[in-house]
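Chemist: sequence unknown, structure follows:
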């Protein structure tokens, strides 16, 4: 049976990037989904930054957290900027399957549009490195 990794970030921008990279892993028995825990971002910098890397994430649905999906996921990866993001509150019964990635939120750390764009390009690389490590982490989860 296929297991799901559910990526979460505040406005779904960073979790979209993670889902895009994860789809490139070609891991059998695993599927990937992303969502945000707050409202959507008004920028599409995540889509544009990934397009530069020849990864099209424009068709991934934008959505907010669905508690049913969280409960069914084998792994939940919460991408959170601990200094700048509002904290995500997940039910305690999910604790055993949650992994936290403390990664910068480009939107909240930038003072100009240009700075935000550059930050999204940089975060794509950081997320890629973390996603690349998933094959060594996922076997721990059933």
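Modeler: Noted; the coordinates are in hand. On a predicted model such as this, the values are computed, not experimentally measured, just so you know.
Chemist: average pLDDT across stretch 111-124?
Modeler: The average pLDDT within stretch 111-124 is 93.
Chemist: Give me the buried positions along the longest helix along the chain.
Modeler: In the chain, ranked by residue count with DSSP state H as the criterion, the top helix is helix 113-132. Neighbour-count burial for helix 113-132 flags 116, 117, 119, 120, 121, 123, 124, 127, 128, 130, 131 (criterion: 16 or more other CB atoms under 10 Å). Where you see a C-beta, it was placed from the backbone N, CA and C, and this is true even at glycine.
Chemist: Surely the first one is in contact with residue 104?
Modeler: So the one you mean is residue 116. No - taking CB atoms under 8 Å as the definition, residue 116 is not a contact partner of residue 104, at 10.9 Å.
Chemist: Surely residue 141 touches residue 73?
Modeler: No - counting by CB under 8 Å, residue 141 does not reach residue 73; the two are 9.4 Å apart.
Chemist: out of these two, which sits in the busier spot?
Modeler: For residue 141 versus residue 73, the count of surrounding residues by other CB atoms under 10 Å is larger for residue 73: 23 against 15.
Chemist: doesn't residue 35 make contact with the more buried one?
Modeler: No - using CB under 8 Å, residue 73 is not in contact with residue 35; the gap is 10.4 Å.
Chemist: list residues touching both of the two?
Modeler: residue 6 (CB atoms under 8 Å, 6 or more residues apart in numbering).
Chemist: residues shared between the contacts of residue 141 and residue 73?
Modeler: 3, 97.
Chemist: Enumerate every residue touching residue 85.
Modeler: Residues near residue 85 by CB under 8 Å, 6+ apart: 9, 10, 105, 108.
Chemist: Out of the residues you listed, flag the one nearest to residue 135.
Modeler: residue 9 (21.4 Å; CB to CB).
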